[in-house]
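Peer 1: Take this sequence and fold it.
(2 chains)
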Amino acid sequence: MARKSSTPAKVVVTAAAWGIGFLIFFPILWTILMSFHTEGDAIKSPFEMLTSPWNFDSYAEVQTRSNYSLHFFNSVVISVGSTLLALVIAIPAAWAMAFVPGKRTKDLLMWMLSTKMMPAVGVLIPMYLGFKNMGLLDTRTGLVGVMTLINLPIVVWMLYTYFKEIPGEILEAARMDGASLRSEILYVLTPMALPGIASTLLLNVILAWNEAFWTLQLTTHDAAPLTQFIASYSSPEGLFYAKLSAASTMAIAPILILGWFSQKQLVRGLTFGAVK
Amino acid sequence: MATQHSRLAARFMVAPSVGFLFVWMIVPLVTTVYFSFLVYNLLHPERQGWAGFDNYYYFLTDRAFLTAVWHSVALVVGVLCITVVGGILLALLLNLPFWGQGVVRVLVIAPFFVMPTVSALVWKNMFMNPVNGMFAHIAKGLGLQPYDFLGHAPMLSIIGIVSWEWLPFATLILLTALQSLDSEQQEAAEMDGANWMNRFIYLTLPHLTRAITVVILIQTIFLLSIYAEIAVTTGGGPASTTITYLVAQQSLYGNDVGGASAGGIVAVILANIVAVFVMRMIGKNLDA
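Peer 2: I've put the predicted structure just below:
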C-alpha cells in the first residue's frame, strides 16, 4: 500500500530532490560544459564562459598534444584484463565454496577479505623493487597482474554471494532426469550463474578503472592508464582548464554509463551481500 | 550429498585463489618486515647489518608521524560524519514520493564513478582555485575576498572533496536499506500518535543500523588508503600528509628503505586494528 501524499507536498519534495541532485552532479556537469570552450573562455566568469562560442577544440588538442588513445587503451586493457583473469581464477573457487561448503569455508572467505584490508603502502617497497628487478615497471602485464590480485577477494566474494542463491536441488533434479555433466553445466548452471558473473564483471571493471594507488605508483608513461594521465595535469604549464575538462570527460564517460547500469549490483557487491 | 570425491574436487577448485592470494599477501609483507629491521639506505650502500628496532624508533618518534596519524584520523572521521549524516538525510528525502526519482538517483550516484584523480583536479582547479575557480568568481560577484581553500585549509578541503566522492555510496546503501522498511509498521505507529521524530528514532534508525555499520566499515577501509586525492591537490606538505601518504612518499622518494619499511609495517598494524572490527561485523552478517 503506497503512502498517501498530497500534490503540494510532492511538488516541494520534487523541487528539493532535484535541487540537491543537481548540486551533487554539478561538478561533473561543469567539467563537461567547460570542455566545449576555449582555454581563454574557461577561466572567465561562469556566465561569460557559458555564453562564449562552443567548439570541440579542446578534444582535438588533447588528442594531438598527448597520446590520449594510448592511455585509454591501457585503461581498457588493465581493467578488463585483470577482471577477466580474476574471474577465471575465482569462478571455480566461488563455485566450490557455494556448493560444497566445508567446515573452513567461512574462515577462508574471511581470510580472503582480510587480504583486501592490508594497506598497499605496507608492501609498496618490495613490490616496487620486485617490479624493477623483473623489468615490470610501467608495463601493462605487471599492472594487470597486480590489479587481478587486488580484485580477486572481491570477485570471489561477489560470485560466492550470487552462487549461494542458486538452489542446489535444481542440480540434483537435473541429474535425476538423466542430464549429463556437460548438459548440466551448459543448460542449467550457466544460465543461472550468468547474471551474477556479469554483475561481478561490471563492478570490478569500474573499480579497476578508477584504482589510483598502484596505477600511479607502478606506471609512468607507456603503461599509464587514464588515472595517471589525468594526474599529469596536477603540474601543468600555461592554461589547461579546457584540456583538463576534455580529458576528464572522456575518462569518466564510459564508466559513468556502465556505473548507472550497475547501481543495484553495486550495493550488493560492495557490501558483500550484507545489504541488498 | 557431498562425497569424498566432490570434496577433493572442491579443494582443487579453491586452491588457485588461495594460492595466489597467499603469495600476494605473504611474500611482500615478509620482505617489508625483513627490510624494516635492516640498515638499508640507498645513499649509503656501505652501511649494512641489522638495525634492530632503530627504524621503528626513528619513524615513531618523528614529529611527522604523529601529525600524519592525526591527519588520517581527521580525514576518516570527518568524511564518515559528513557522508553518514548527509547520506541518511538524503536517503530519507529520496525515499519520499516525487517526480523523476530515477533521474535524480542517477545524478546523485554519479560522483562515485569518477576516478579520484579527476575529482580531485576538478575541485582543485575549477572550483577551489582562488583566482579562476567557481568559488572565487562567486566571491568576487558578491564583493568578497576569494578564499584559497587548498592553501589555507588543505585538510578541510580534501575532506570536502573526498566527502563528495563518498556521499553517493552512503546514500545509495542507506536508500536501499530504507526501501525494505515495513510501511505498515510506520502507518500503525502514525495511527498510534507517534510523530515523525519518534518514528524516525524508534523505527527508522534501528532498521538502518546494519546498513550504517556497513557504510562506516567499508568506507573506513577505502578512506585509510586515500592517496591520489592528496597527491594531485597538495602533494602532501606538512598540513595534509596522512599516514598512507607519508609512507608512500618515504618509500618512493626517500633513500632510506629500512625506515620506509618500518613505516609500512606501522601502517599495516594500524589498519589491522581497524580491520578486526570490520571482519567481526561482516562475519556476523554472513550467518544472517
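Peer 1: Convert the C-alpha atoms of stretch B:103-118 to PDB, please.
Peer 2: What follows is stretch B:103-118, C-alpha atoms only, in PDB (Å, rounded to 0.1, in the frame of the first residue of the first chain):
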ATOM      1  CA  VAL B 103      16.800  10.600 -12.900                       C
ATOM      2  CA  VAL B 104      17.700  12.100  -9.500                       C
ATOM      3  CA  ARG B 105      19.100   8.800  -8.300                       C
ATOM      4  CA  VAL B 106      21.400   8.700 -11.400                       C
ATOM      5  CA  LEU B 107      22.500  12.300 -10.700                       C
ATOM      6  CA  VAL B 108      23.300  11.600  -7.000                       C
ATOM      7  CA  ILE B 109      25.200   8.300  -7.600                       C
ATOM      8  CA  ALA B 110      27.400   9.800 -10.400                       C
ATOM      9  CA  PRO B 111      30.400  11.100  -8.300                       C
ATOM     10  CA  PHE B 112      31.100   7.600  -7.100                       C
ATOM     11  CA  PHE B 113      32.100   6.600 -10.600                       C
ATOM     12  CA  VAL B 114      34.500   9.500 -11.200                       C
ATOM     13  CA  MET B 115      38.100   8.400 -10.900                       C
ATOM     14  CA  PRO B 116      39.900  10.000  -7.900                       C
ATOM     15  CA  THR B 117      42.400  12.000  -9.900                       C
ATOM     16  CA  VAL B 118      39.700  13.600 -11.900                       C
END
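Peer 1: for it, which positions count as buried?
Peer 2: B:104-118 (16 or more other CB atoms under 10 Å in any protein chain shown). C-beta coordinates here come from the backbone N, C-alpha and C atoms, glycine included.
Peer 1: is chain A contacted by it?
Peer 2: Yes - counting by CB under 8 Å from any CB of the partner chain, chain A has neighbours in stretch B:103-118: B:103-118.
Peer 1: what residue ranges in the chain are flagged as low confidence?
Peer 2: By default, I'm working from chain A. A:1-5, A:273, A:276 (pLDDT under 70).
Peer 1: if you could check chain B rather than the one you did, that'd help
Peer 2: B:1-3, B:278-279, B:281-288.
Peer 1: how about 80 then?
Peer 2: B:1-7, B:42-47, B:182-183, B:186, B:274-275, B:277-288 (pLDDT under 80).
Peer 1: Quick check: the gap between the most centrally placed residue in it and chain A.
Peer 2: The centre of chain B sits closest to B:L223, judged by CA atoms, centre = their mean, with a distance of 1.4 Å. Separation of B:L223 from chain A (CB to the nearest CB, to the nearest Å): 11 Å.
Peer 1: and the two most separated of the buried residues of stretch B:103-118?
Peer 2: B:V104 and B:T117 (27.0 Å; CB to CB).
Peer 1: about what we covered before: can you tell me which of the residues of stretch B:103-118 next to chain A lies closest to A:S180?
Peer 2: For the residues of stretch B:103-118 next to chain A, the nearest to A:S180 is B:F113 (43.2 Å; CB to CB).
Peer 1: ok, and the closest non-adjacent residue to the closest one?
Peer 2: A:G259 (3.6 Å; CB to CB, 6 or more residues apart in numbering or on different chains).
Peer 1: Which strand or helix spans that neighbour?
Peer 2: helix A:241-261 (DSSP states H and E).
Peer 1: What is the helix or strand containing B:R280 packed up against?
Peer 2: Per DSSP H and E, B:R280 falls inside helix B:257-287. Helix B:257-287 is packed against helix A:105-116, helix A:124-133, helix B:4-36, helix B:54-61, helix B:63-94, helix B:205-224, helix B:243-253, with contacts defined by 3 or more CB pairs under 8 Å, 6 or more residues apart in numbering or on different chains; DSSP states H and E.
Peer 1: and if we set it to 10 Å?
Peer 2: Packing partners of helix B:257-287 (3 or more CB pairs under 10 Å, 6 or more residues apart in numbering or on different chains; DSSP states H and E): helix A:105-116, helix A:124-133, helix A:140-163, helix B:4-36, helix B:54-61, helix B:63-94, helix B:205-224, helix B:243-253.
Peer 1: Counting neighbours, which bits of the next helix or strand after the third one end up buried?
Peer 2: Translated: helix A:140-163. Under the assignment DSSP H and E, the closest C-terminal helix or strand after helix A:140-163 is helix A:169-176. Within helix A:169-176, the residues scored as buried using 16+ other CB under 10 Å are A:L171, A:A174.
Peer 1: Also stretch A:32-51?
Peer 2: A:L33, A:M34, A:S35, A:F36, A:H37, A:T38, A:E39, A:D41, A:A42, A:I43, A:K44, A:M49.
Peer 1: out of these, who's nearest chain B?
Peer 2: A:I43 (4.1 Å; CB to the nearest CB).
Peer 1: A:A242 is in contact with that closest one, correct?
Peer 2: Yes - under the criterion of CB atoms under 10 Å, A:I43 lies in contact with A:A242, with a separation of 9.0 Å.
Peer 1: Need the overlap of contacts for the two.
Peer 2: A:M34, A:H37, A:M49 (CB atoms under 10 Å, 6 or more residues apart in numbering or on different chains).
Peer 1: Okay, and which of the residues you listed map to helices?
Peer 2: Cross-referencing the shared contacts of A:I43 and A:A242 against helices under DSSP state H gives A:M34, A:M49.
Peer 1: Also near chain B: which of the shared contacts of A:I43 and A:A242, exactly?
Peer 2: Filtering the shared contacts of A:I43 and A:A242 for neighbours of chain B using CB under 10 Å from any CB of the partner chain leaves A:M34, A:M49.
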